[in-house]
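Q: Would you be able to build a 3D model of this:
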Amino acid sequence: MCINLVLISVGLLLLEICLSEDEQSREHSYKKFIGEREYAMPFKTRISQPFQEGQTIHAVGTVKPDAKRIDINFHKGAARDADLPLHLSIRFDEGKIVCNSYMSGNWGSNEQRIKNYFKPNANFDIRIRLINNNYQIFANLMEAGTFERQVPLDGVDHVSITGDLVNLRLFHYGGRVNPIPYTALAEVIPGRRLDISVLPTGKRFNINLYNNNRKHAMQISVRFNEGTVVRNAMENNMWGREEREGGMPIAKGEIADITIINEKFSFQIFFNGVRFTTFAHRGSPDDIKMLEIDGECEVFSVTINNAIGA
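A: Numbers count the residues shown, from 1 in each chain. So this is what the prediction gives:
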């Protein structure tokens, strides 16, 4: 009887240990984008503030298997016949993305066309960046081309998306023209997430998170020339051990959406919505005060939000 009790006690202890380890190793599930949800199609929304130079209009969904067209319009007013300073038509039947304007009841005479990189029955991630009096178009992270802005955006107060999408999961606009190096206060305490959209343009760029003493709580060094992403931190005023596993999860010349989530014991690092690695804290997880991004890249946007329920 005593032996059986001992065996039962040991078994319960082992079960408790296994459950504890499982709880520690369990990965949280996070949304790829802040504000991701299901939007009704066709989609039309009023924008709260005028578009600004450097901003990016971002929409994500899924293309129908038999898709023919998807149209994105910038409206001046809510009327059905309102002026359209931008009419962007993604034409699967022609293999082109067409840019034009519709003003005072007439289509513009200078229609511009580039190749359509979107595919039927596939992911749809389009970004329209307002830069240098142009529309810079990105299709599923790749730069598809640039359209000259024919008509000023003054007075644009609505955006619509119509056509052959199974669903629309994200509509967002924001960002600006940011200097490099980019620096900002960034109190990314446990339970918060840092989202960065960048366009790599050269051999290397770094994401630096500093503590209150201006020491690296973590550095993510994206090194295309070495084919790896190096993670490190400073300990006792010296660099610690580099972590280099994982290869290169992104491509130079394509947008990279980088998410850093501060959890109790570690940073969770995602590239383009895919978990890349975990970096264990080497200092206090509460002592994250500043962000710096340097190197060869363009910073499109930086946001900090609650990690859960965003």
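Q: Would you mind naming the helix or strand containing residue 70?
A: Using DSSP states H and E, the element containing residue 70 is strand 69-76.
Q: which outside residues touch that strand?
A: Contact partners of strand 69-76, identified using CB atoms under 8 Å, 6 or more residues apart in numbering, comprise 44, 51, 57, 59, 63, 82-93, 118, 124, 126, 128, 153, 155-165. (Each C-beta comes from the backbone N, C-alpha and C, glycine too.)
Q: Give me the pLDDT for residue 22.
A: In this model, residue 22 is scored at 43, pLDDT.
Q: could you flag which of the contacts of strand 69-76 are buried?
A: For the contacts of strand 69-76, a burial check counting by 16 or more other CB atoms under 10 Å picks out 51, 57, 59, 63, 82-92, 118, 124, 126, 128, 153, 156-161, 163-165.
Q: Among the residues you listed, which ones are in strands?
A: 57, 59, 63, 83-91, 124, 126, 128, 158-161, 163, 165 (DSSP state E).
Q: what sits against residue 130?
A: Residue 130 is in contact with 51-57, 136, 149, 153, counting by CB under 8 Å, 6+ apart.
Q: go on, residue 267?
A: 218, 260-261, 278-279, 281.
Q: Excluding residues flanking it in the chain, which one is nearest it?
A: Residue nearest to residue 267 in three dimensions, not counting chain neighbours: residue 279, with 4.5 Å by CB to CB, 6 or more residues apart in numbering.
Q: In terms of helices and strands, where is that neighbour?
A: Residue 279 belongs to strand 274-280, assigned by DSSP H and E.
Q: After that strand, heading C-terminal, what element do we hit next?
A: Next along from strand 274-280, by DSSP H and E: strand 290-306.
Q: Can you tell me the strand partners of that following strand and which way each runs?
A: strand 182-185 (antiparallel), strand 192-210 (antiparallel) (DSSP bridges).
Q: element containing the spatially most central residue of the chain?
A: Nearest to the geometric centre of the chain sits residue 257, at 3.6 Å (CA atoms, centre = their mean). Using DSSP H and E, residue 257 sits within strand 256-262.
Q: do the same with residue 187
A: Going by DSSP H and E, residue 187 is not in any helix or strand.
Q: per-domain residue ranges of this structure.
A: The record's domain parsing of the chain by automatic domain parsing lists 43-174, 182-306.
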